[in-house]
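Asker: sequence and computational prediction follow.
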Amino acid sequence: MPAPSLLPFSSPPLGAGLGGGGGGLGGLSARKLSSPGAFRLTEKFVLLLVFSAFITLCFGAIFFLPDSSKLLSGVFFHHPPSEQRPSGGEEEAGGGAGSREDAVAAAAENLAKIKEDHERALREAKETLQKQPDEIQRDILQDKEKVARDNRGGGGQGTGLPVLLFRQPIGAVGREPTDPVIRQKRDKIKEMMKYAWDNYKRYAWGLNELKPVSKQGHSSNLFGNIQGATIVDALDTLYIMEMRDEFAEAKEWVEKHLDFNVNAEVSVFEVNIRFVGGLLSAYYLSGEEVFRRKAVELGEKLLAAFSTPTGIPWALLNIKSGIGRNWPWASGGSSILAEFGTLHLEFVHLSHLSGNPVFAEKVMNIRKVLNRLDKPQGLYPNYLNPNSGQWGQNHVSIGGLGDSFYEYLLKAWLMSDKTDEEGKKMYYDAVQSIKTHLIRKSSGGLTYIAEWKGGLLEHKMGHLTCFAGGMFVLGADGAPSDMTGLHIELGAEIARTCHESYDRTTMKLGPEAFRFDGGVEAIATRQNEKYYILRPEVIETYMYMWRFTHDTKYRQWGWEAVEALEQHCKLNGGYSGIRDVYANHPSHDDVQQSFYLAETLKYLYLLFSDDDLLPLEHWVFNTEAHPLPVLRKDNKEKEDNSK
């Protein structure tokens, strides 16, 4: 619209009268009137036309122009709306000609702004149209979730969290063992924890992990720019070992320095099990609000990973932009079973602590997708495409790529106070298929769990698979009554096989994978499978077997691992993994993994503790060994706390 059309009253006599500020109709008052009380008819008609034009302009500006309040303020009052009008009579005496020029300038300025806003809107619309449909859908979902968070007052910072009365779950602190030998061994494990922590603090404080050979920090790309993995991972171990000073300094670092507002691509799985899990368990043990607030803040950022057509989350997520993707090597862009299947425990607790059901809804939707799919031989392949909702290649493993999915089905049922019947059914159905199609016995009598590739078995078992011994015995009580003993026996046999994988090495520490073919049993035959990176899974199974059977051999086997760790992994700067457990002299990989403090040392400490410390009827451990309480119904909680 050209500027002059905004000013239909710009003829000199009329314009001067209207532009004078305080003179009203001063331009007309100088006319000679035929009678002192009235205008001639023609003058009335002209005046009526002027007012009609004036009113039309006002309503047009109000209803049809963007930012009309600022435009009207500029045209009629000659000042920006945010400024105060000057006091006194200067403005009123300014005259008509200057006022018209100001009005024209203000109108031109506002029209330029309208044009700029219009062009920006066109650019944004064009950019949106160029996006893929799934990107547009993701943006919409993110906007909706942001609005929901803002309406709750949280804004991702935890300020809108519901007020909770903290009540420490049973067994957060246990008694000292009465047996002096066991107490001495447990104290030794606590010394190992202090040594690992002190060296991390000395050489890598605030970074993710420690390089004990080179005595500096180490940062895996799994965490992007997020720092402090060892601190967060170790919080609950420090607490249950009653290392109160170390726990306090870790809490202070979390409060002041743990920052998720970084432009970084992270592994959703690793960040969830280590950071979210570590913060949740630290909150449940200590009641410190900072841990709850940080856990929910990070959980909200991870929600963007679920913005796929199926709701199966991406493996990798840029937590600033919300853009996700999968590992390029993962079967044509598939998500991985052990990664998207290992979110359930943490996300249910995030809903519990935040009052926001969206976390639990996201992980329950994963089950819906899985239950709609046909399972080959009742088994779950390791790869699932998040766009099509179909399986990738038919590779099944209870070790890497699959392991913790099965663990979380069982533990979801236990954590729900055994009310999650869907999780229970999925777990026991899967175990039945595993027993039928994957579990085999070697010629030497060792039970192992093979891998299934398109119907063919690969007779290999990974160190990661050794967690299954503990899983089987943990689930024995919920199995059909005629199968309880079989589950306990199966757990014991897996524990024995994994102990043999340790015992048959030079350093008495187990390899990454071991085989049962070509006359070989429980031995790694490939160079890239001979390393040990301070993994916890074998010791985890010893701990569960001890809790359920109290067979002293499990403590004996655990102590053998302690001695091997001290002899071969302990260095001046901390603990390091080993490149070849069959070599005569260790070659160290120069990484003290955060899970060494979170899992390996915690499970050893629990192995040499009484059962009242983190009792299994009140706690479940996430796959990073972070204890989370069973979510009991109120009446049952009251009964337990009254005992």
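Answerer: Looks like it arrived, so ask away. Numbering: from 1, shown residues only.
Asker: all strands for the stretch 501-643 of the chain, in order.
Answerer: With DSSP state E, counting those that start in this stretch, the ranges of strands along the stretch 501-643 of the chain come out as 513-515, 570-571, 574-575, 619-621, 627-629.
Asker: can you tell me which of the ones you listed comes nearest to residue 536?
Answerer: In this view, those are compared for proximity to residue 536 by CB to CB, and strand 619-621 is the closest at 10.6 Å. C-beta: built from backbone N, CA, C; applies to glycine.
Asker: from the contact counts, what lies against that closest one?
Answerer: Of the remaining helices and strands, those touching strand 619-621 by 3 or more CB pairs under 8 Å, 6 or more residues apart in numbering; DSSP states H and E are helix 403-415, strand 627-629.
Asker: what's the span of stretch 521-540, first residue to last?
Answerer: Stretch 521-540 has its terminal residues 22 Å apart, counting by CA to CA, to the nearest Å.
Asker: list the buried residues of that stretch.
Answerer: Residues of stretch 521-540 classed as buried under the neighbour-count rule (16 or more other CB atoms under 10 Å) are 521-524, 529-540.
Asker: what would the helices and strands packed on strand 619-621 look like in JSON lines with mean pLDDT, distance to residue 391 and mean neighbour count?
Answerer: JSON lines is the format used below for these (pLDDT from 0 to 100; distance: least, CB to CB, whole Å; neighbours: other CB atoms under 10 Å):
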{"stretch": "helix 403-415", "mean pLDDT": "98", "distance to residue 391": "13", "mean neighbour count": "24"}
{"stretch": "strand 627-629", "mean pLDDT": "98", "distance to residue 391": "30", "mean neighbour count": "24"}
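Asker: let's have these in a markdown table, adding distance to residue 444.
Answerer: A markdown table is the format used below for these (distance: least, CB to CB, whole Å):
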| stretch | distance to residue 444 |
| --- | --- |
| helix 403-415 | 25 |
| strand 627-629 | 37 |
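Asker: which of these sits closest to residue 286?
Answerer: Across these, residue 286 has its closest neighbour in strand 627-629 (12.1 Å, CB to CB).
Asker: wait, residue 298 touches residue 260, no?
Answerer: Yes. Under the criterion of CB atoms under 8 Å, residue 298 is in contact with residue 260, at a separation of 5.2 Å.
Asker: return stretch 166-180 as PDB; C-alpha atoms alone will do.
Answerer: Backbone C-alpha positions of stretch 166-180 (Å, rounded to 0.1, in the frame of the first residue of the first chain) are rendered in PDB as follows:
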ATOM      1  CA  PHE A 166      11.400 -38.000  50.700                       C
ATOM      2  CA  ARG A 167      11.400 -41.300  52.500                       C
ATOM      3  CA  GLN A 168      14.500 -43.300  52.100                       C
ATOM      4  CA  PRO A 169      13.800 -46.800  50.900                       C
ATOM      5  CA  ILE A 170      14.700 -49.800  53.000                       C
ATOM      6  CA  GLY A 171      18.300 -51.000  52.800                       C
ATOM      7  CA  ALA A 172      20.000 -47.900  51.600                       C
ATOM      8  CA  VAL A 173      22.500 -48.600  54.400                       C
ATOM      9  CA  GLY A 174      23.400 -52.000  55.800                       C
ATOM     10  CA  ARG A 175      25.200 -53.500  58.700                       C
ATOM     11  CA  GLU A 176      28.800 -54.400  58.800                       C
ATOM     12  CA  PRO A 177      29.500 -58.200  58.200                       C
ATOM     13  CA  THR A 178      29.900 -60.000  61.500                       C
ATOM     14  CA  ASP A 179      32.500 -62.400  60.000                       C
ATOM     15  CA  PRO A 180      35.900 -60.600  60.500                       C
END
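Asker: pull the distance from it to the chain's centre.
Answerer: 30 Å (CA atoms, centre = their mean, to the nearest Å).
Asker: buried residues in that stretch, which are they?
Answerer: Going by neighbour count (16+ other CB under 10 Å), the buried part of stretch 166-180 is 169, 170, 171, 172, 174, 177.
Asker: now residue 199: which helix or strand?
Answerer: According to DSSP states H and E, residue 199 maps onto helix 180-204.
Asker: mind giving me the packing neighbours of that helix?
Answerer: Using 3+ CB pairs under 8 Å, 6+ apart, helix 180-204 sits against strand 209-211, strand 216-218, helix 229-240, helix 244-257, helix 553-564, strand 574-575, helix 601-607.
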